[in-house]
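Trainee: I would like to see how this sequence folds:
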Amino acid sequence: MKRLFLVFGISLVILMVLIPATGNAQPKKGGTLTIGLPADFDNVDPHKTIIMVQGQTLSLACENLITSQKDFSPGPGLAESWNVSVDAKVWTFNLRKGVKFHNGKEMTAKDVKWNFDRMMDPKIGSGMRGRLLNVETIEIVDKYTIRFKLKNPQSSLLSVFYGGSIQSPIVAPESVKPDGSITHPIGTGPFEFMEWDVHNYARFKKFKDYWNKGLPHIDQVIVKIITDPIARMTGLRTGEIDIVPMIPIEQVADIAGKPQKGFSVGLLKMAGGCYFNFNTAKPPFNDIRVRQAVAWGINKKEIELAVCRGFGQTVNQPFPKDSIWYCDIPDRSQDIAKAKALLKEAGYAKGVEVTLVTNNRYTDHLLSAEALQAQLAEIGIQAKMEITDFATMIARWRKGDFQMGSGSLAPVPDPDAYYPMALLKTGAYSAFSGYYDNPEVTKFLLEGSKIIKNEERKKAYAQAMKIVVNEVPYIYHTLPALAYGVRERVRGFEPSFSFFFNYAGGGVQYLWLE
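Mentor: Purely as a prediction, here's the structure:
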């Protein structure tokens, strides 16, 4: 059997080695785990996931055909193995036998095909649709075998299934209500979805017929939405919260090197990162000179220090410098005179006022925006900050109701898992840049997805990103470190790069509580 594994080059750093060693300890059964997340989400339809916290949470109940391993490389999920043709146009997946949905029904190739058909249906609005445009047909070979035939070669298909916030989870067709919505997903995961109270919590219980026998160890998972970072840390300190996946880096800087009672802190360095986005369809940022003026007017190192306290990395693309996907593209350094000259040339010699839409849920978004606001004032751009809740910000970006934004993206395992989403007009994130559309960028990205050898693929992506860096629909500025906290009573927990709660060979189903 021929398998294709890709190397991603994403590094892991543990800031403080304080997580209790489990040694040969035997897992204990029972108990309730509580996870504290910084933001809520607007629906529980797994096929419409584009928000990190939504994907993290629903991964407890809904699994992928192919899933992330701890190092973010592709691993077996509901497909236990796969074959790929020499030209990378035909992918055949062998499903696990005896996998049950939470309603007791066995999962088969028919169910998998139904899921992908739904994700590819333009009426559904799934973020996965943009990733699956290369799929020509999906065939049921037999009850436990499914085959994807592609229009063009695509060596990145495995990572496309699970990369970033957008996932390809499999749910029972019975999850869909008569109106076409999913409000109670019926998955195959280690935990069964029970209830969701928007803005407050989601609750899951142990699925006793989970295919991976003996798992999970705990009885229940409660995911609490705690938007206040101080409150999340307080919950971790007091024991109200067992795991906090996202600790603001300034809090990490405050406790670094100091012994903490009852909990430990770790740090993950990964791809993804923070960006500023522009509505290229509206003045003043429909003028490339104004976007370039912003790019010349900012000091990324100052922004990184404000956001990450030196734990991050300044970049002009969403991959760290030690990743195989990092392209050697010269970045701008701050040049106030050049920025002002570009604004004058664009007709804004006396400056211009703009709105900067961000949110109060993610500290890195807000801190980035505050640093940007101060720097833009130096070149004559007065940025009025509009701070909303996270769901409102995303809704406004989708509707084009913004001029500038400050956000971040989830860990990215492969260029094909993100670039088409953000930089093609048909992509799920295209609205975030006012539907930026450059035929040359489109050509290079589509070429890259067809090439099998990674080094050749990288050349195509580099050509695309040179144009993007020049035309500035986005400014990628910082790769932050993701800090997390874990209570001492949590044993056997190993976070993945994506910090999804369920991943190949690890995840919440493997941990137990002392």
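
Trainee: poorly predicted segments of the chain, please.
Mentor: Screening the chain residue by residue with the criterion pLDDT under 70, one finds the ranges 1-24, 164, 497-498.

Trainee: so which residue is smack in the middle of it?
Mentor: Centroid check for the chain by C-alpha atoms, centre = their mean gives Ala410 as the closest residue, at 2.5 Å.

Trainee: separation between Gly310 and Met246?
Mentor: 19 Å (C-beta to C-beta, to the nearest Å). (Each C-beta comes from the backbone N, C-alpha and C, glycine too.)

Trainee: and these two? which has more neighbours close in?
Mentor: Between Gly310 and Met246, counting by other C-beta atoms under 10 Å, Met246 is the more crowded of the two (24 against 11).

Trainee: tell me if that one really is in a strand.
Mentor: Yes: residue state for Met246 (DSSP: H, G, I helix; E, B strand; the rest coil) corresponds to a strand.

Trainee: quick check: phi and psi at the residue nearest to the centre of the chain.
Mentor: When quoted as degrees, to the nearest 10, the phi and psi of Ala410 stand at phi -70, psi 170.

Trainee: tell me if I'm right that it and Gln54 touch.
Mentor: No: taking contacts as C-beta atoms under 8 Å, Ala410 lies outside contact range of Gln54: 10.5 Å.

Trainee: distance of the residue nearest to the centre of the chain from Tyr326?
Mentor: From Ala410 over to Tyr326 the distance is 18 Å, taken as C-beta to C-beta.

Trainee: for Gln313, same thing?
Mentor: For Gln313, the distance to Tyr326 equals 10 Å [C-beta to C-beta].

Trainee: overlap in contacts, the two.
Mentor: Each of Pro320 lies in contact with both Gln313 and Tyr326 under the rule C-beta atoms under 8 Å, 6 or more residues apart in numbering.

Trainee: looks to me like Ala293 is in a helix.
Mentor: Yes: in this structure, Ala293 lies within a helix as judged by three-state DSSP.

Trainee: all helices of the stretch 101-250 of the chain, in order?
Mentor: Taking DSSP state H, counting those that start in this stretch as the test, the helices found in the stretch 101-250 of the chain are 109-120, 157-160, 229-238, 249-255.

Trainee: and these, which is most packed in?
Mentor: Scoring the helices of the stretch 101-250 of the chain by mean neighbour count under mean count of other C-beta atoms under 10 Å gives helix 157-160 as the most buried, with a mean of 26.

Trainee: how many residues are close by Gly187?
Mentor: Using other C-beta under 10 Å, Gly187 has 27 neighbouring residues.

Trainee: for the residue lying closest to it once chain neighbours are set aside, what are its contacts?
Mentor: The shortest distance from Gly187 to any residue other than its chain neighbours is 3.6 Å, reached at Cys62 (C-beta to C-beta, 6 or more residues apart in numbering). Contact partners of Cys62, counting by C-beta under 8 Å, 6+ apart, are Pro46, Gln167, Pro169, Ile170, Val171, Pro185, Gly187, Thr188, Gly189.

Trainee: and for Ile255?
Mentor: Residues in contact with Ile255 (C-beta under 8 Å, 6+ apart) are Val265.

Trainee: now it: how far from Ala481?
Mentor: According to C-beta to C-beta, Ile255 and Ala481 sit 14 Å apart.

Trainee: now swap in Gly187 and tell me
Mentor: Relative to Ala481, Gly187 is positioned 31 Å away (criterion: C-beta to C-beta).

Trainee: what's the answer for Pro413, then?
Mentor: Between Pro413 and Ala481 the distance, using C-beta to C-beta, works out to 18 Å.

Trainee: these two - which one has more neighbours?
Mentor: Pro413 (32 against 20).

Trainee: pretty sure the more buried one sits against Phe72.
Mentor: Yes: under the criterion of C-beta under 8 Å, Pro413 lies in contact with Phe72, with a separation of 4.7 Å.

Trainee: who touches Arg203 in this structure?
Mentor: In this structure, Arg203 makes contact with Met194, Glu195, Trp196, Gln220, Val221, Ile222, Val223, judged by C-beta under 8 Å, 6+ apart.

Trainee: need the max-distance pair from the residues you listed.
Mentor: Spanning the widest gap among the contacts of Arg203 are Trp196 and Gln220, at 14.4 Å by C-beta to C-beta.

Trainee: one step back: farthest pair in the contacts of Cys62?
Mentor: Taking C-beta to C-beta, the two most distant members of the contacts of Cys62 are Gln167 and Thr188; they sit 13.5 Å apart.

Trainee: let me see the ranges of the helices in the stretch 301-450 of the chain.
Mentor: All helices of the stretch 301-450 of the chain, identified by DSSP H, counting those that start in this stretch, fall at 336-345, 363-379, 390-399, 419-423, 439-450.

Trainee: ok, which of the ones you listed comes nearest Val486?
Mentor: The nearest among these, by C-beta to C-beta, is helix 363-379 at 19.5 Å.

Trainee: run the chain-centre distance for that closest one.
Mentor: Taking C-alpha atoms, centre = their mean, to the nearest Å, one finds the center of helix 363-379 at 23 Å from the center of the full chain.

Trainee: between that helix and helix 336-345, how many degrees?
Mentor: Orientation note: helix 363-379 sits at an angle of 80 degrees relative to helix 336-345 (axes from the mean of the first three to the mean of the last three C-alpha atoms, to 10 degrees).

Trainee: ok, and what's touching helix 363-379?
Mentor: With contacts defined as C-beta under 8 Å, 6+ apart, helix 363-379 is touched by 229, 248-250, 274, 276, 293-294, 296-299, 302-303, 306-308, 334, 336, 339-340, 343, 356, 358-360, 382-383, 385, 387, 406-408, 477-478, 480.

Trainee: same question for stretch 233-244.
Mentor: When contacts are taken as C-beta under 8 Å, 6+ apart, the neighbours of stretch 233-244 outside the stretch itself are 33-36, 224, 226, 232, 247, 251, 260-263, 484-487, 489-490, 493, 513.

Trainee: so which of these belong to helices?
Mentor: For the contacts of stretch 233-244, membership in helices holds for Arg232, Gln251, with DSSP state H as the criterion.

Trainee: just the buried residues of the contacts of stretch 233-244.
Mentor: Members of the contacts of stretch 233-244 that pass the buried threshold by neighbour count (16 or more other C-beta atoms under 10 Å) are listed as 33-36, 224, 226, 232, 247, 251, 263, 484-487, 490, 493, 513.
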